[in-house]
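Colleague: Build me a structure from this.
(chains A and B)
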Number of protein chains: 2
Amino acid sequence: MALPVETFFLHPDAQGTLQKQIQQMIAQGILSGRFQKGEKLPSTRRLAAHLGVSRITVTIAYTELLANDYLKSRGRSGYFVSDNAPAPPTFSPRQEDNDAIDWSRAIGQRYSSNALPPKPQNWASYRYPFIYGQADPSLFDHANWRLCALQALGQRDFTSMTTDYYDQDDSQLIEFIARQILPRRGVSARPEQILITLGAQNALWLTAQVLLTQRRRAVLEDPCYPALSGILSQSRCNITPVRVDQDGLPPEAIPADTDVIFTTPSHQCPTNATMPMERRRALLSRAQKLEALIVEDDYEFEMSFLKPASPALKSLDDEGRVVYVGSFSKSLFPGLRLGYLVGSEPFIREARALRASVLRHPPGHIQRTAAYFLSLGHYDALVRRMGVALHERRRVMDEALVTHDLRVSGRGAYGGSSFWMRAPEGVDAIQLAENLRARDVLIEPGHAFFAGEDRPTNFYRLAYSSIPSTRIAEGVGLIAEEIAKLH
Amino acid sequence: MALPVETFFLHPDAQGTLQKQIQQMIAQGILSGRFQKGEKLPSTRRLAAHLGVSRITVTIAYTELLANDYLKSRGRSGYFVSDNAPAPPTFSPRQEDNDAIDWSRAIGQRYSSNALPPKPQNWASYRYPFIYGQADPSLFDHANWRLCALQALGQRDFTSMTTDYYDQDDSQLIEFIARQILPRRGVSARPEQILITLGAQNALWLTAQVLLTQRRRAVLEDPCYPALSGILSQSRCNITPVRVDQDGLPPEAIPADTDVIFTTPSHQCPTNATMPMERRRALLSRAQKLEALIVEDDYEFEMSFLKPASPALKSLDDEGRVVYVGSFSKSLFPGLRLGYLVGSEPFIREARALRASVLRHPPGHIQRTAAYFLSLGHYDALVRRMGVALHERRRVMDEALVTHDLRVSGRGAYGGSSFWMRAPEGVDAIQLAENLRARDVLIEPGHAFFAGEDRPTNFYRLAYSSIPSTRIAEGVGLIAEEIAKLH
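Modeller: Coordinates of the predicted model:
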C-alpha cells in the first residue's frame, strides 16, 4: 500500500531544519504505528511538491532514515517502511486512570509545602526583566562554549561523557578548580577535599544532610537565600534566623548552642553586604568558641567589578571549620547545574557517599565541557566582559534610582548583579510585582527571603543581569509610578 | 620584559589540538601569575620553532587570546600580555591545613557505610571486561548524538540550555516520553505525571524519600540492585528482603504490614527473571489487599531482543498503585544521568518539590539533546542495533559457557545484557574476581546483591554489553580455569 501524500504535514510550530522536521515526522509516524512495515512512501519529488520544500531536502531526510533502517529503498520502485523498523507496541495503553490511592495517607513525607513561589519561565518575553539569576544571551560567550562542548563530544572524550563515574568526578574539572579557581579565593585544597555538585543548591543540601540532625541547631541569615530554609527543614534541625546588618551576620547574635552557621560573607544574599575583615575574624572565633561549623556560600564572588574581591572566609580558616560552597550558575549559566563543595576530607567523604546514593554524579559531558571552557581561559574572559557590562548597567540603574527617588537598602560595595530595594512602609511588594507584571516589568518581591511570621513586606530585589542598559531607566520609571500608586 | 621562549613548553600528556594546547598554556601562565601584564611574548615564528609546530598554529592561538583580551598586539612590535588580562590573586593560599575539628562528632549523619565496593574506572583497559552497565563505544551512535547535541547547543536553544527551570523540565523531552516511550510499555501518562530524574538511581531515591518513614515497611527483592538498600536505609524505614524465585518476586511472601514494594518485574535484577502475567496480577492484588504501593524499576526493557517485551506492570494498574521508574542509562549511556518517574499527580508533586530542593533539575542541555535524539528516531535505531549485537554476543557466550561447563543461574527469556552465574559451592566470588583481574578479566561478584548476614558467596554476574564477541570465548575460558583452581 502506498501512503497517501496528504497524510504528510509539517507542524507549523515545529523546530529544527526542514530536513530534520521531515525525518522526525516520518520516524514518529512509524513509531506510533500510523505507517506500517512495507508501506510505500511518496516519491521525493511528490513529497517535496506537497510540503513546498526542495527535493534535495526530502532526499536527505530519506537517506538518514535509510541509514537508521526506518526505510528501505527498492531501486527505482522507491522507498518503503523497512521490515526492520521499530514496531509500535502491540498493546494499547490505558486511556484513563482512576486513582484509587489515598495519597494523603500514602505520602510519608511532604516537601511541596516548602516549594517557593513559581518564577516566570517566560521572563525573556518581558520588556523590563529585572530578574535575578538567569543567563543573558547578549553577554554569554556562546561560541566558545559550543566549541568546548564539541571538543567534549569528541571520540577522545567518549569515556568521560558516557562512563558511570559512580561516586567520582571528572578529574580535569577537579584539578582546574583546585589549581586555578580556589587560589583566587585564597583557598588551597587537595582533590579529595573537593566534590562537584548539581549547583550550589545541591551543595547546600548535601552539607545540611551530613551535618545536621533533629538534635542540632542551624543558624541562617535573615533575610537569606529562600531555598535554604526548605533545605534545612528536611534535616529536621532547629533553625534560628539571625537578622543581618550593614556588615552581614553579627557574630555575637549567634546562640550558644549553635552547631552549624550558614553565611554569605563576601556578598550577603540578598542585601549585598560584604562582611569586613574584623567581623570575619570575630565570626571564626565565635564559631571556634561554640565548636560550631561554618558553611560559606561564596556566590557571585566573580562579579566584583568595583574593586577586587576580598579573600573567602575559608581562606582565614586554619582549622577546617569552614565548608565552602562555590557555583558556576552565575558566571556561566544556571541550567548548567554545576557547583562544588570544599571541606575537610571526612566531611567530603560523607557528602560524596550521599551524593552517590542520591544521584551518583553530575553528567560527565557537562563536567568536561566546563573543564575545557575554564582551562582555555574563556571563563575569565567571560567574567571580565560580564563585569564591564554589569558595571555600566549598574551605573545607569543607579542614576535612574536617584532620578526617581527609589530607596536602595543594600547596594554591594564590590559589584554583584542586583540592588536590594526598600519601598515605603505600607507598600506590599507582592502586589507591586503583580501590578508591574501587567506593565511588562518583572521584579522580585522580597517576602520569601525573610524568616518567621512577622516578615517585612516592602522589600524587593532589582537585578540588572538580564536587562539591557537601554531599558533600565524606563523600567525604573514604571516601578516608581506603580509604587506611587500603592503608597 | 620579554618572556623567554624557554619557559614555554607543551605537556607531553596534554589533550586537544596543538592550537588549543598553546592557548591553554598561555592562559594558565597568565592566570597563575607567571606571565605578568605588559610582558612581551615570543614572536609566532620563534615560539613555533621552539615548540616544533607550524607558525599558523601559534598565530591562531595568539588570535584567540587576543579576542579574549589575554593578549594585545602592538602592530609590528609583537604580542604582549594585556593590561586587562585576569589578574592572579594578590593573596597566597594557605599551604597546609591543620584540621582541628572532631569530625566523628561534627558529622551528624553518616552515609559512607552504605558505600558500594569501588568499581574499576579503567575497565576499558582490561582485555576481557565482563562489566555491566557501561557504554560500548563500538555500539553507541556517537555521530548522531553529536549532531543532536550540536543542535541543542544552537542559538535557538540558548534558553533551554541556560535557563534555571526551578522545578520544571524540558517540555519536549517530557512530551516525547509521554507520547512515544511510555505507550510502548502500555503506559499512558499526562505531562504532570512525569518527572525527569538524574538517572534511575535518583528516581528510586526520590520515591523512597516521599513514600517511606521510619514507621513504614519496604519490601525489596533478594537479591536486588545493590544501591537500593542504601537508598532505603536513608529513609529509616523497616526493610524486608524477600527471596526471589524463577519468576521473580513471590507475592504471597510479602508481609502483611508492608507499605511499599520495590520490584523489577520485566527483568529481575540481577537474576534476569521475567515475572509471568499471572504473577503480575497476583502481585497487584496482593498490594491492593495490603494497601501497599509498588515501585516498578523497568530497567533494560529496551534490551528485549529475543522476543517482544511484555507490557510493564504499570500498564495493568488501574488504580495509580504503581510508581514507574525508567532510565536512559542502559539504552543511551550511564554518564548521561537521565531517568524518569511516572506516577499519580499527588506523588509526582512531592517528588518534584523534593527534587527542586535537592538539585533543582537535570541540566537543560542534556534534556534537550536527548529529546532530539529520541524524536529523530536515532534512539530506536540504536536500540535495534544494540539488540542485534547483544544477541550475537549472547549466542557466543552461551556456547562458551556450555563448552566450559559453567552454571548459569538466570539467563533471561527476553534478552538483557548479562547472565547471572553460580559457581560451585565453596568458591568465593570475591576471591575469584580478584584472581581474574590479575589475568585481565573483569567479572562482578554477586555478594553485594544479597541482603542479610547469611548471604551466598558463590554468585557472580557476567555482562556482555561491553566486551567484543571475539573475546568472549577466551575470557570465559579463563573464568573456568580460575574457578577450577578455587574449587
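
Colleague: in the stretch 1-150 of chain A, which spans are strands?
Modeller: Counting by DSSP state E, counting those that start in this stretch, the stretch 1-150 of chain A has strands at residues A:71-73, A:79-81, A:128-129.

Colleague: want to try CSV for these, with mean neighbour count and distance to A:S304 as columns?
Modeller: From N, CA and C alone the C-beta is placed, and that goes for glycine too. Conversion of the strands of the stretch 1-150 of chain A to CSV gives the following (neighbours: other Cβ atoms under 10 Å in any protein chain shown; distance: least, Cβ to Cβ, whole Å):
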stretch, mean neighbour count, distance to A:S304
strand A:71-73, 18, 58
strand A:79-81, 22, 61
strand A:128-129, 22, 24
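
Colleague: can you list the domain ranges for chain A.
Modeller: Structural domains annotated on chain A: A:5-81, A:119-138+A:381-486, A:142-378, as defined by automatic domain parsing.

Colleague: Which of the strands of the stretch 1-150 of chain A sits closest to B:A149?
Modeller: Of all the strands of the stretch 1-150 of chain A, strand A:71-73 sits nearest to B:A149, with 24.6 Å by Cβ to Cβ.

Colleague: Can you name the residues in contact with the closest one?
Modeller: Contact with strand A:71-73 is made by A:26, A:41, A:62, A:65-66, A:79-83, A:85, as judged by Cβ atoms under 8 Å, 6 or more residues apart in numbering or on different chains.

Colleague: Pull up the pairing partners for it, direction included.
Modeller: Sheet partners assigned to strand A:71-73 using DSSP bridges are listed as strand A:79-81 (antiparallel).

Colleague: Please compute how far the partner strand lies from its chain's middle.
Modeller: From the chain centre to the centre of strand A:79-81 is a distance of 45 Å (Cα atoms, centre = their mean, to the nearest Å).

Colleague: For it, the averaged confidence score.
Modeller: Confidence over strand A:79-81 (mean pLDDT, whole number) is 92.

Colleague: go on, stretch A:459-467?
Modeller: Stretch A:459-467 shows a mean pLDDT of 97 in the predicted model.

Colleague: got the CA coordinates for it in CSV?
Modeller: Taking C-alpha atoms only, stretch A:459-467 is exported to CSV below (Å, rounded to 0.1, in the frame of the first residue of the first chain):
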residue,chain,number,x,y,z
PHE,A,459,11.4,44.9,50.2
TYR,A,460,12.2,43.8,46.6
ARG,A,461,15.1,42.9,44.5
LEU,A,462,16.1,44.6,41.2
ALA,A,463,18.6,42.7,39.2
TYR,A,464,20.4,44.1,36.2
SER,A,465,21.9,40.8,35.0
SER,A,466,19.3,40.1,32.3
ILE,A,467,18.1,43.6,31.2
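
Colleague: Residues contacting it, please?
Modeller: A:123-124, A:128-136, A:223, A:270, A:330, A:390, A:393-394, A:397, A:409, A:417-423, A:429, A:432-433, A:443-447, A:449-450, A:472, A:475-476, A:479.

Colleague: just to revisit the earlier point, show me the one of the domains of chain A that comes nearest B:D164.
Modeller: B:D164 lies closest, by Cβ to Cβ, to one member of the domains of chain A: domain A:142-378, at 3.7 Å.

Colleague: Can you measure across the closest one, start residue to end residue?
Modeller: Domain A:142-378 has an end-to-end distance of 10 Å (Cα to Cα, to the nearest Å).

Colleague: helices or strands next to the host helix or strand of A:P241 in the packing?
Modeller: Here A:P241, judged by DSSP states H and E, is contained in strand A:238-243. The contact analysis (3 or more Cβ pairs under 8 Å, 6 or more residues apart in numbering or on different chains; DSSP states H and E) places strand A:238-243 against strand A:217-222, helix A:227-234.

Colleague: hang on, the earlier thing: now, the most widely separated pair of the contacts of strand A:71-73?
Modeller: Greatest spatial distance in those: A:Y62 and A:D83, 16.7 Å, computed using Cβ to Cβ.

Colleague: tell me the most buried of the helices and strands packed on strand A:238-243?
Modeller: Mean neighbour counts were compared across the helices and strands packed on strand A:238-243 using mean count of other Cβ atoms under 10 Å in any protein chain shown; the top stretch is strand A:217-222, at a mean of 23.

Colleague: Just give the strands next to it in its sheet, each with its orientation.
Modeller: strand A:238-243 (parallel), strand A:260-263 (parallel).

Colleague: mind checking pLDDT for A:A371?
Modeller: Looking at A:A371, its pLDDT stands at 95.

Colleague: Show the contacting residues for it.
Modeller: Counted by Cβ under 8 Å, 6+ apart, A:A371 has contacts A:152, A:170, A:172-173, A:176.

Colleague: one step back: just the buried ones from the contacts of stretch A:459-467?
Modeller: With burial judged by 16 or more other Cβ atoms under 10 Å in any protein chain shown, the buried subset of these is A:123, A:128-136, A:223, A:270, A:330, A:390, A:393-394, A:397, A:409, A:417-423, A:429, A:432-433, A:443-447, A:449-450, A:472, A:475-476, A:479.

Colleague: From the residues you listed, list the ones also adjacent to chain B.
Modeller: Taking Cβ under 8 Å from any Cβ of the partner chain as the test, chain B is in contact with A:133-135 out of the buried ones among the contacts of stretch A:459-467.

Colleague: need these in JSON lines with pLDDT and distance to A:A356, can you?
Modeller: Shown next, in JSON lines, are those (pLDDT from 0 to 100; distance: Cβ to Cβ, whole Å):
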{"residue": "A:G133", "pLDDT": "91", "distance to A:A356": "28"}
{"residue": "A:Q134", "pLDDT": "91", "distance to A:A356": "30"}
{"residue": "A:A135", "pLDDT": "90", "distance to A:A356": "29"}
